[in-house]
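**Q** Here's my sequence, what's the structure:
(one chain, ligands or ions: 1)
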Amino acid sequence: MSGMYTVDGVNSVSIGAVEMLEVSPRDGLQNEKQAISTADKLALIGHAIAAGSRRIEVTSFVNPRAVPQMADAEDVCAGLPDRKDVTFIGLVMNQRGAERALATGRIDQLGAVSVATDTFAMRNQGQTSDGSVEAAKEIIALARQSGKTAQATIAASFGCPFEGEVAGDRVIAMATAIAEAGPVEIALADTIGVGNPAHVARLVERLRTELPNLPVRVHFHNTRGTGLANVWAAVQAGARTVDASLGGLGGCPFAPGAAGNVATEDVAYMLERAGIATGLDQPKLHAANRWLGEIMDRPLSAMAAKAGPFPAQQSEQTHEKEAV
Ligand code: ZN
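**A** The predicted structure follows:
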């Protein structure tokens, strides 16, 4: 599996575009202590669509006692705009959640979560890692029976807050088992932000080799400052979709120390400047960032919107004035 970073490597010249998946309404907000109103969640979704997002994780159908911020899942769905060109995703952990999501009639795609270690799986969703694989397969089957699509995320793919190292063999075995149920993609998630670009490149490339027909999505938290490097490594290794959150919002209530998701603004800046299309409009992302900063009433971790766009060339006259 060497050669991925050669200068003239096929991978590095063939990437024209990646798909961005906006996760701020769910992963971004779920760890916020203050309740965010349904109206503000819908406004956030509206900002994301205006900026070009066409796949959005809008809520999760979990027990409101476990994640109070997501208690309005049905209300969020009822308020979603009528956009056939946008895929609205609802995260679900089990059959009950899947049935709730499908009953709204507004969720296009179910997102299932399997966890790579037993300890984290027990804390996150009260089942073993194998149990979480079986649950994901059931969820995918339910979605397909209802004429919807489904995808699955493997949480803690790069490290576990309780068990430490996670073997690549384990992640690949889980992905292979889940793939039997017919998901549209598998995501590798660095739930607690411990990943590094070399590990990311290895695992993405291995997944693509083992399951060549299944698109790979990636999900990174920037807990240790490696988020953007991990996105770059994943894209170079062939990941087709990148999760990101406006403002860099996000955390996991069950993952000690988990910081925000990689910021949509920052990922879009990096990829677009590198010649990889994201479908996102940067000035509109920055407008969304300013709106979000007011709603959250605190500084956001996203950096690109603070710094502004790539500088335009200044006129001669301006240069002279500045030189004086
Ligand atoms: Zn996450």
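**Q** and the nearest residue to residue 59 once chain neighbours are set aside, how many neighbours does it have?
**A** Sequence neighbours aside, residue 73 is the residue nearest to residue 59 in space, at 4.2 Å (criterion: Cβ to Cβ, 6 or more residues apart in numbering). The C-beta positions use only the backbone N, C-alpha and C, and glycine is treated the same way. A total of 26 residues lie near residue 73 under the criterion other Cβ atoms under 10 Å.
**Q** Can you check what pLDDT the model gives residue 73?
**A** pLDDT for residue 73: 98.
**Q** same check, this time on residue 301
**A** Predicted confidence (pLDDT) for residue 301: 91.
**Q** Contacts only, for it.
**A** Contact analysis of residue 301 by Cβ atoms under 8 Å, 6 or more residues apart in numbering lists 222, 247, 248, 259, 260, 263.
**Q** tell me the SS of it?
**A** coil (DSSP: H, G, I helix; E, B strand; the rest coil).
**Q** still on that earlier bit, please list all residues in contact with the residue nearest to residue 59.
**A** Going by Cβ under 8 Å, 6+ apart, the list of residues near residue 73 reads 59, 60, 61, 90, 100, 101, 104.
**Q** how about a cut-off of 7 Å?
**A** Contacts for residue 73 (Cβ atoms under 7 Å, 6 or more residues apart in numbering) come out as 59, 60, 61.
**Q** In what element of secondary structure is the nearest residue to residue 198 once chain neighbours are set aside found?
**A** Once flanking residues are discounted, residue 198 sits nearest to residue 233: 7.3 Å by Cβ to Cβ, 6+ apart. Using DSSP states H and E, residue 233 falls within helix 227-236.
**Q** so what secondary structure elements neighbour whatever helix or strand comes next after that helix?
**A** Downstream of helix 227-236, the first helix or strand assigned by DSSP H and E is strand 241-244. If you count contacts as 3 or more Cβ pairs under 7 Å, 6 or more residues apart in numbering; DSSP states H and E, strand 241-244 packs onto strand 19-22, strand 216-220, helix 264-273.
**Q** which other residues reach the last one?
**A** By that I understand helix 264-273. Residues contacting helix 264-273 (Cβ under 7 Å, 6+ apart): 18, 20, 22, 228, 231-232, 242, 244-246, 278, 280, 282, 285-286, 289, 302-305, 310.
**Q** Mind doing that once more with 6 Å?
**A** 228, 231, 244, 246, 278, 280, 282, 285, 289, 302-305 (Cβ atoms under 6 Å, 6 or more residues apart in numbering).
**Q** okay, the helices and strands packed on strand 241-244, which one's buried deepest?
**A** strand 216-220 (a mean of 26; mean count of other Cβ atoms under 10 Å).
**Q** Mind exporting the C-alpha coordinates of it to PDB?
**A** Extracted in PDB, the C-alpha atoms of strand 216-220 (Å, rounded to 0.1, in the frame of the first residue of the first chain):
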ATOM      1  CA  VAL A 216     -15.800   5.900   2.100                       C
ATOM      2  CA  ARG A 217     -16.800   8.900   4.200                       C
ATOM      3  CA  VAL A 218     -14.600  10.300   7.000                       C
ATOM      4  CA  HIS A 219     -15.500  12.100  10.200                       C
ATOM      5  CA  PHE A 220     -12.900  14.000  12.200                       C
END
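**Q** Walk me through which strands that strand pairs with, and which way each runs.
**A** strand 186-190 (parallel), strand 241-244 (parallel) (DSSP bridges).
**Q** Mean pLDDT and mean neighbour count added to the ones you listed, as JSON lines?
**A** Below are the strands paired with strand 216-220 laid out as JSON lines (pLDDT from 0 to 100; neighbours: other Cβ atoms under 10 Å):
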{"stretch": "strand 186-190", "mean pLDDT": "98", "mean neighbour count": "26"}
{"stretch": "strand 241-244", "mean pLDDT": "98", "mean neighbour count": "26"}
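**Q** Including distance to residue 29, could those strands go into a markdown table?
**A** Output for those, formatted as a markdown table (distance: least, Cβ to Cβ, whole Å):
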| stretch | distance to residue 29 |
| --- | --- |
| strand 186-190 | 17 |
| strand 241-244 | 14 |
